[in-house]
Structure formats: structure tokens, C-alpha cells
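[1] Give me a model of this one.
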Amino acid sequence: MVLPVWVFWLAIALFILGLVGVVMPALPGVGLIWIVILIYAVAERFATIDPLSFAVLTLLGIAGVTADVWLQQLGAKVAGASFRSTVWGLAGALLGGLIGLIFGGVGALPGMWVGTLLGVLLGEYLERGSLRAALKAMAGVAVGSAISTAVQLAIALAMIGIFVWQVLRG
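    Down below sits the predicted model:
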């Protein structure tokens, strides 16, 4: 089933919103792009977005949606954080996200980010007793977060590129 051209342009507009969401944590990013692709593919009964391409897009989407978590933790590890500190960071992310939900959901993602930073800082300070080591570990999380944004942006652009290529080739 071929969809009207306006549906394609609506998808592109939502993709732009998703790209903005990659750099602004209050908006959905890669997840929104994947949902738009899913709705489009189902609506056109996978006529242009074939199942193999959709599977690739889904794997990219999973990598993009989870990039914050694994790249922040990797950044902490590279900066010398202990395993216990990364666990504190995950706990901080959960707590920060829950506290952020109090603010209508808008604060959940920033709350997770701040919670991760503070969790690693506290965990590393408790583990080593050194504020310097704790700050270094926290900086590693911040660098990991910046790299995560770049990775998510690359993944989002790749997903959009695959979508456009599939739709235009018919």
C-alpha cells in the first residue's frame, strides 16, 4: 500500500523533532524516530520499509535509545571509576529520573543525568575517600554523555537516511 506524499513529509517533520530531541533531553529523540518509522511501515504494510531494513532500524534504535546509559558508564570506567561507583551512578540515574517525574515527566531525563553524575561522585568518594578521584570519575561520565549525544545524532541521521532511501526507491 503506497501512502500519500503528505505522510512522508509528516514523518520528516517528526524526524526533525526527533533530531532536536537528541540534543535536548526534554524531547524524545531516537525513540521518536523509531516510532515514526514503525507507524509508517505498518501503515504501508512494510511495502517500502521491508522487514530486513526494519530490523536494522530497530537495532539502531535500541543502540541509540540506550547509548546514554552505556556510554556514561563507559566514560566513568575509562576515567578510573570503580565498579561500585558505576552502580552508584545507575542508582543515581534511577533516583534522579524518579524525582524528575515529579516535574511532569519533563525533568526525568535531566534528573537521570544529574543523578548519574552525583551517584558516581558519591560512590567514588565513598570508595576511595578522594574528592579528586571522585571528580575525575564524574568528569568521565560527563565526557561519556557528550559522546553519547554524538553517537545518538549519528544513529538518528543513519535511521532517517535509511528510511528516506527505502521510501524513495519505492
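[2] Enumerate the positions of stretch 116-136 that are buried.
    Of the residues in stretch 116-136, those buried by neighbour count under the rule 16 or more other C-beta atoms under 10 Å are 116-125, 127-128, 133-134, 136. Just so you know, the C-beta spots here come from the backbone N, C-alpha and C atoms, and that holds for glycine as well.
[3] Tell me where the model's unsure across this protein.
    Low-confidence segments of the chain, defined by pLDDT under 70, are located at 1, 25-26, 104-106.
[4] Against Ile33, how distant is the residue most central in space within it?
    Against the mean C-alpha coordinate of the chain, by C-alpha atoms, centre = their mean, the closest residue is Val65 at 3.6 Å. As judged by C-beta to C-beta, to the nearest Å, Val65 and Ile33 stand 10 Å apart.
[5] Kindly report the same for Ala43.
    Using C-beta to C-beta, one gets 16 Å for the distance from Ala43 to Ile33.
[6] Same check on Ala67?
    With C-beta to C-beta as the criterion, Ala67 and Ile33 are 13 Å apart.
[7] for Arg132, same thing?
    With the distance defined as C-beta to C-beta, Arg132 ends up 40 Å from Ile33.
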